Structure formats: C-alpha cells, structure tokens
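S.K.: next input, structure requested:
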Amino acid sequence: MARRERVVRMSVEQPLWRALTAYRVLTMLYAVLLAVFGRERYDRPWVAVVFLTVLAVWTLATLPKVSGAVACTKRFLVVDLALALTGILLTPLADFEAQSVDGPTLPSIWTAGAVLAFALKGGWRWAAFASTLVAAANIVERGEPSRDTFHNVLLVWVASIAIGYVVEVARASERTLARALEIEAATRERERLARDIHDSVLQVLAMVQRRGTALGGEAAELGRLAGEQEVALRTLVTSGLVPATRVSEDAAEGAVVRSVEVDDEPSGPSACDLRTLLAPHAGSRITFAEPGAPVLLDPATARELAAAVGAALDNVRVHAGKDAQAWILVEDWADEVIVTVRDDGPGIPEGRLAQAEGEGRMGVALSIRGRLRDLGGTAELVSVPGQGTEVELKVPKVSRGKAGSAG
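M.R.: Next up is the predicted model:
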C-alpha cells in the first residue's frame, strides 16, 4: 500500500477569530470600567448594572462560539447582535442626557465585535447587514445625531465591510492553494508510479522484445507483442494514466542501521547505509568506489537514490553497448551526498533526451531527475558524443521533499 502524505494546513482566517475573541473580552472590560468611572451620569444606574452584568456573562460564556467559523452559528450571531442593539437603545433609559450629549452607549465599542463576527462568518454582505442595523440603532438612540455620530457609524460600517471582503478573498485564496497542493500531490504520485513502471514492467518488455527478435521464430512473435505492449504502456505513462506497482524494499530493509547517533545525520530510530544498496551493482564491468564510513540517509531517501542509480545503470546497459564499462562514485559531504555514475560508451547525441521523452521513454526524466527533484536534490547529466556519459546525483542530508515509497 502506497505511503500517504498528510499536509496539515491552518486556516488563514483563524488568527482573525483569535483576535476577535481577545477583542470581545477587552471591550467588555472597557465597557464595565467606563460605566464604573462614569456612574454619576446615570439617572437609572440599575439599568446599566443589569445590562453590563448580562453583557459580561454572555461574553465570557460564549467565548467558544467565536473560536472559529464552524462554532459561530447563525443563531449565536443573531442573539449577539440583538444584545448589542438592545444595549444601544437602552442607553437613554439609563442616562437621560445621552441624546443631547455625545457620550458612549452602554455596550460602547463592544458592539463592533458583534459586527466583526458577522464579517468573519459570512463576508462583506453579512457585515454590511449587521453594521447597517447598528448604525440605525445609534441614530435612533441619539435622537438628533451629531457629526461625530455619523462619523463613528460610518467608520464601523466601512471597516466591517472591508474586513468581510478580506476574509472572502482569504478563503478563496485558501481554496485555490488547497487545490494547487492537491494537484501537485497527484502529479508527484503519478510520476512516482510512472517511475516504478519504467523500472520494472517497461524494462522487462524491452528485454523480451530484444531477446525475441534475436532468437527469431516463435520468440520473434513474442518479442513483437512485447514491443507493442511496451509502446502502449509508454503512452499511458506519458498521459499520466498509470497503474500502481512498487519497488522492492528488501535490500533497504537489510541495510538499516539501528540507533545511530551522529551529528547532522537523519534523526529517528533508524538510518540506511547507502553503500549497502549500491554495492550489489559492482561487477566485472561496474566499478564501485565508496567511502570507508557508512553513508547514512533516511531509508526512503536511500531507496530512491539507489533506484535512480539503478536507472542510470540500466541506461548504460541498454545504450552504451555490452562492452561498456561503468563507474559508481559515492561522496559523503557534511550537508549532502553525491553519487556519480559514469560510463565509457558512445555518449548521448544532442537532442536525443528530448526525443525520448516525446516517445514516452521517461527513464532520465522520471526515474532519475524526477526522483532527485522529489528528494529536494538535483540530477545533472553531461554527455559528449564518443566520450561517454556522466550522471551526478546530489541529495541533501535532510531531504526537503518526500520520497515516494511503498509500504
């Protein structure tokens, strides 16, 4: 079963909800202190006491309701706004001179928090609705509203609509980003599956075609059929419609080194010695040069890097000729591992790689460069006709990408 990658994203609007929570508490305290220090102006102080008590209890009891868009229900918003409007309209009942003096209302600036909750929940249209009701309540409460009254209600109206619009844009951007991440993840998965197919099925079909053609007779017919299936499968790989196969991990499991404690090496309970995965390639025509100490990488990175080396060697066997010699050099640096695969074959003619990709032959594009890109590394290919080919693979010690592995 293919390993699943989980991407955890925090909503871009969540900080706004946290800010609203703090704003409601602070403005509730401000309204209470404003009433305490200005208590001499109230003709009916018990009205202010009752309302502010209800306001304080409601604010503290409903803090979970303003923790996010899901918790903030429409019913809560209606009651919250109704409480703010009630406080505004009750102000003349507690303070007889409120309509003639431009003083604060009972809920004071706490009212803006109720409007902002509408903005965060439903966007600028909801904000316009709530702020219009608040503006109307303020104008009614004043009786003969002054310039400052109009200024304040207009400020709340414009600010709430602007915040609501920003929230809508943020949500749209978040959806676009989530979709882009899904497309990127799907593309990487298709490339990983295409690499697996190239490294297994396509290589076998190509070998059957070559051997069948060489043997002739009935074997030639089998080779022809294998060639047709190879072409069809390469077309599927190129279009992205690929079934899942997996690269064997048996070699990697045997190369695990337990309890490694080395600075700047992969952390965790296990690490893999890259040398163990590459050593089996050594033979009469392949020379393997390795450091004297273990080359430790996390198992997924080591497997993918070894698979890229295997793909490079497959290209040597197929294209460089049966008498070609190859060399594998492993370099273990402080922050990266470099593996170089070189051969003495005829080299790659200019433009051949682009032509191969167009024909669906994705060995270099997917099995080598695609793997290294997913690991956060690079793959550089240098080839001079008549002087062989060199492939340099670099991966960081702490991979920025996620190797596509099976599990």
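S.K.: alpha carbons only for contacts and neighbour counts from here, please
M.R.: Noted.
S.K.: select the longest helix from this protein.
M.R.: helix 147-197 (DSSP state H).
S.K.: for that helix, packing partners?
M.R.: Packing partners of helix 147-197 (3 or more C-alpha pairs under 8 Å, 6 or more residues apart in numbering; DSSP states H and E): helix 110-122, helix 124-142.
S.K.: would you reformat those as JSON lines and include distance to P299?
M.R.: Formatted as JSON lines, the helices and strands packed on helix 147-197 follow (distance: least, C-alpha to C-alpha, whole Å):
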{"stretch": "helix 110-122", "distance to P299": "45"}
{"stretch": "helix 124-142", "distance to P299": "50"}
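S.K.: nearest to V318, out of the ones you listed?
M.R.: Relative to V318, the nearest member of these by C-alpha to C-alpha is helix 110-122, separated by 61.7 Å.
S.K.: what lies in contact with that closest one?
M.R.: Contacts to helix 110-122, defined as C-alpha atoms under 8 Å, 6 or more residues apart in numbering, come from residues 13, 16-17, 20, 23-24, 27-28, 31, 66, 69, 72, 77, 80-81, 84-85, 125-127, 130-131, 134, 156, 160-161, 163-165, 167.
S.K.: next, the buried residues of that helix.
M.R.: The neighbour-count check on helix 110-122 (16 or more other C-alpha atoms under 10 Å) flags 110-122 as buried.
S.K.: could you dump those residues into CSV and include pLDDT and distance to L215?
M.R.: CSV is the format used below for those (pLDDT from 0 to 100; distance: C-alpha to C-alpha, whole Å):
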residue, pLDDT, distance to L215
W110, 93, 89
T111, 91, 88
A112, 90, 86
G113, 91, 83
A114, 92, 84
V115, 92, 83
L116, 91, 80
A117, 93, 78
F118, 93, 78
A119, 91, 76
L120, 91, 74
K121, 91, 73
G122, 89, 73
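S.K.: closest one to W333 out of those residues, please.
M.R.: Of all the buried residues of helix 110-122, W333 sits closest to L120, with 50.8 Å by C-alpha to C-alpha.
S.K.: residue ranges with poor pLDDT in this protein?
M.R.: 1-11, 98-102, 144-146, 149, 190-207, 209, 226-269, 351-366, 399-407 (pLDDT under 70).
S.K.: can you select the buried ones among the contacts of helix 110-122 for me in PyMOL?
M.R.: Buried subset of the contacts of helix 110-122, written as a PyMOL selection, criterion 16+ other C-alpha under 10 Å:
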select buried, resi 13+16+17+20+23+24+27+28+31+66+69+72+77+80+81+84+85+126+127+130+131+134+156+160+161+163+164+165+167
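S.K.: tell me if P107 really is in a strand.
M.R.: No - per DSSP: H, G, I helix; E, B strand; the rest coil, P107 lies outside any strand segment and is coil.
S.K.: quick one: contacts for it?
M.R.: P107 is in contact with M28, A31, L52, L55, A84, G87, I88, counting by C-alpha under 8 Å, 6+ apart.
S.K.: does the fifth one sit in a helix, a strand or a coil?
M.R.: Translated: A84. With three-state DSSP as the basis, A84 sits in helix.
S.K.: which residue packs closest to it, ignoring adjacent ones?
M.R.: For A84, ignoring the flanking residues on the chain, the nearest one in space by C-alpha to C-alpha, 6 or more residues apart in numbering is T111 at 5.3 Å.
S.K.: how much space between that neighbour and G123?
M.R.: T111 is 18 Å from G123, where distance means C-alpha to C-alpha, to the nearest Å.
S.K.: so which of the helices and strands packed on helix 147-197 is nearest V391?
M.R.: Closest to V391 of these is helix 110-122 (C-alpha to C-alpha; 53.8 Å).
S.K.: what is the orientation angle of the closest one with helix 147-197?
M.R.: 30 degrees (axes from the mean of the first three to the mean of the last three C-alpha atoms, to 10 degrees).
S.K.: CA atoms of helix 110-122 as CSV?
M.R.: Taking C-alpha atoms only, helix 110-122 is exported to CSV below (Å, rounded to 0.1, in the frame of the first residue of the first chain):
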residue,chain,number,x,y,z
TRP,A,110,-18.1,46.1,22.3
THR,A,111,-20.8,46.5,19.6
ALA,A,112,-18.1,46.4,16.9
GLY,A,113,-17.2,42.9,18.0
ALA,A,114,-20.7,41.7,17.2
VAL,A,115,-20.4,43.3,13.7
LEU,A,116,-17.0,41.8,13.1
ALA,A,117,-18.3,38.3,14.0
PHE,A,118,-20.8,38.7,11.1
ALA,A,119,-17.9,39.8,8.8
LEU,A,120,-15.7,36.8,9.7
LYS,A,121,-18.6,34.3,9.4
GLY,A,122,-20.3,35.5,6.2
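S.K.: report the angle between the strand or helix carrying L89 and helix 110-122.
M.R.: For L89, the host element (DSSP states H and E) is helix 74-94. On the basis of the same axes, to 10 degrees, helix 74-94 is oriented at 160 degrees to helix 110-122.
S.K.: would you mark the buried spots in helix 74-94?
M.R.: Buried, per 16+ other C-alpha under 10 Å, within helix 74-94: 76-77, 80-85, 87-94.
S.K.: ok, the residue lying farthest from the centre of the chain - contacts?
M.R.: Residue farthest from the centre of the chain, counting by C-alpha atoms, centre = their mean, is D43 at 59.4 Å. Counting by C-alpha under 8 Å, 6+ apart, D43 touches A94, D95, F96.
S.K.: and the last one, which of the three is it?
M.R.: Assigned by three-state DSSP, the conformation of F96 is coil.
S.K.: can you name the residues that contact it?
M.R.: Y42, D43.
S.K.: one more time with 7 Å, if that's ok
M.R.: Neighbouring residues of F96 by C-alpha atoms under 7 Å, 6 or more residues apart in numbering: D43.
S.K.: tell me the spacing between the residue nearest to A56 when sequence neighbours are not counted and V156.
M.R.: Nearest non-adjacent residue to A56, counting by C-alpha to C-alpha, 6+ apart: M28, 6.3 Å away. To V156, M28 is 17 Å away according to C-alpha to C-alpha.
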